[in-house]
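Asks: Just the structure for this:
(one chain, ligands or ions: 2)
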Amino acid sequence: MMLASKIQRRAFSASARNLSKVAVLGASGGIGQPLSLLMKLNPRVTELAVYDIRGGPGVAADLSHINTKSSVKGYDPTPAGLAAAIKGSEVVLIPAGVPRKPGMDRDDLFNTNASIVRDLAKAVAESAPEAKLLIISNPVNSTVPICAEVFKARGVYNPKTLFGVTTLDVVRASRFVSEIKGTDPKDENITVIGGHSGATIVPLFSQSNHPDLSSNAELVHRVQFGGDEVVKAKDGAGSATLSMAMAGARMAESVLRASQGEKGVIEPAFVDSPLFKDQGIDFFSSRVELGPNGIEKIHPVGNIDAVEQKLLEACLGDLKKNIEKGVAFVASNPGQ
Ligand SMILES: NC(=O)C1=CN([C@@H]2O[C@H](COP(=O)(O)OP(=O)(O)OC[C@H]3O[C@@H](n4cnc5c(N)ncnc54)[C@H](O)[C@@H]3O)[C@@H](O)[C@H]2O)C=CC1
Ligand SMILES: O=C([O-])CC(=O)C(=O)O
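Replies: Residues are numbered from 1 along each chain as shown. Ligands and ions are numbered 1, 2, ... in the order given. All right, here's what the predicted structure looks like:
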């Protein structure tokens, strides 16, 4: 309790002064580079820390010539370099880990990415437990519970500051709808709930400007499997990177806006959520209201139609297994 309030005070004092250090872990990768670029272009960011197991200082040197005000520093891939990159961060973004190849689903990444995320989460728990931690690495449905377990084991878990980034699902949904309806995607605010893979992704068109679209099975499938479309098109060269960088930058910007005092900032995110805890599901993505200390309020699912109810039931079964897999991994592989 005391630790939580100390952490919150420290976080608030930095954000109240509008000093926002952002660290990107996995910054040399397909997502990491454009995401770091977007963070360098974001005037809310005062200091950008660039870390990767390879190439961090090079990416940082490149970014540092951009004539925006923030400072940029690349860190060596050592425990000390990692700790220094993270220390003092308001936001830590983690896009480290391997992406899919055609024929794989996100869960096939678990064996490689689980330990990468576990070890990076451990470093965050030790060097900046108060940071808002935004997890991009897949499978998000499992990597977020992994982070929670790592933080719990060190007595610094604050469920209000841990986010699985599901923003790309709402970005895709609004884009796909605008293509069908001939509208501007900025006017299409589609809520997407659940998790971040296949059937766990549940778009709620009944709550949008176009309730008729919930019976458009092709559209629902495209939102659920939009990632596969990119994996197939890239043909072995990875998965979504540019759209993901945009989505990650949007999420980070929203977290920073709220940290810096803006009210009413709402983003969907996969978080420690009360909504389905009675069914043994501790994490769920829904609309989340952000504040200076992270999550301020988790919005309920709201009214949904019969088609969406069926999708939600399918989602919950898969999600429960994905979450349990992450928790079990840390229990049997606690790391150093
Ligand atoms: N949440 C979402 O909506 C999305 C998530 N992703 C996921 O993001 C992850 C990254 O994707 P890409 O950037 O395309 O992969 P990538 O292979 O291009 O880049 C990954 C980077 O992580 C680095 N890395 C690996 N282990 C590390 C460690 N221990 N510490 C620091 N850096 C480390 C690598 O050196 C590499 O630069 C994948 O797991 C992918 O599935 C991708 C798209 C959307
Ligand atoms: O599909 C993938 O593997 C990457 C991802 O999460 C997405 O594009 O939504």
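Asks: okay, CA-based contacts and neighbour counts for the rest of this
Replies: Fine.
Asks: mind listing the helices in the stretch 101-250 of the chain by residue range?
Replies: Along the stretch 101-250 of the chain, the segments classed as helices by DSSP state H, counting those that start in this stretch run 110-127, 140-153, 167-181, 217-224, 226-234, 242-259.
Asks: on contacts alone, who are the packing partners of the shortest one?
Replies: In terms of contacts (3 or more CA pairs under 8 Å, 6 or more residues apart in numbering; DSSP states H and E), helix 217-224 is packed against helix 167-181, strand 201-204.
Asks: cool, the third one as well?
Replies: Based on contacts counted as 3+ CA pairs under 8 Å, 6+ apart, the elements that helix 167-181 packs against are strand 191-194, helix 217-224, helix 242-259, strand 265-272.
Asks: Relative to Ile53, which of those is closest?
Replies: helix 242-259 (19.1 Å; CA to CA).
Asks: buried ones in the closest one?
Replies: 243-259 (16 or more other CA atoms under 10 Å).
Asks: likewise stretch 274-294?
Replies: 275, 281-294.
Asks: Just these: which are in strands?
Replies: Phe283, Phe284, Ser285, Ser286, Arg287, Val288, Glu289, Leu290, Gly291, Gly294 (DSSP state E).
Asks: could you check whether stretch 252-260 is close to ligand 1?
Replies: No. Using CA under 6 Å from any ligand atom, we find that stretch 252-260 stays clear of ligand 1, coming within 12.8 Å at best.
Asks: before we move on, the earlier item: which one of the buried residues of stretch 274-294 is nearest to Arg118?
Replies: Phe283 (17.1 Å).
Asks: Just list the residues touching that closest one, thanks.
Replies: For Phe283, the contacting residues are Asn141, Pro145, Phe270, Val271, Asp272, Ser273, Pro274, Phe276, Lys277, Ile323, by CA atoms under 8 Å, 6 or more residues apart in numbering.
Asks: okay, the residue of the stretch 51-200 of the chain found nearest ligand 1: pLDDT?
Replies: Relative to ligand 1, the nearest point of the stretch 51-200 of the chain is Ala96 (3.4 Å; CA to the nearest ligand atom). Here the pLDDT value assigned to Ala96 is 98.
Asks: Which residues in the helix or strand Gly326 falls within does the neighbour count mark as buried?
Replies: Using DSSP states H and E, Gly326 sits within helix 306-332. The neighbour-count criterion (16+ other CA under 10 Å) identifies 308, 311-312, 315-316, 318-320, 322-327, 329-330 as the buried residues of helix 306-332.
Asks: ok, so of the residues you listed, who is nearest Ser239?
Replies: Asn322 (20.3 Å).
Asks: Spell out which residues sit in contact with the closest one, please.
Replies: Asn141, Ser142.
Asks: quick revisit: orientation of the helix holding Gly326 relative to strand 283-291 in degrees?
Replies: When axes from the mean of the first three to the mean of the last three CA atoms, to 10 degrees is applied, the directions of helix 306-332 and strand 283-291 differ by 90 degrees.
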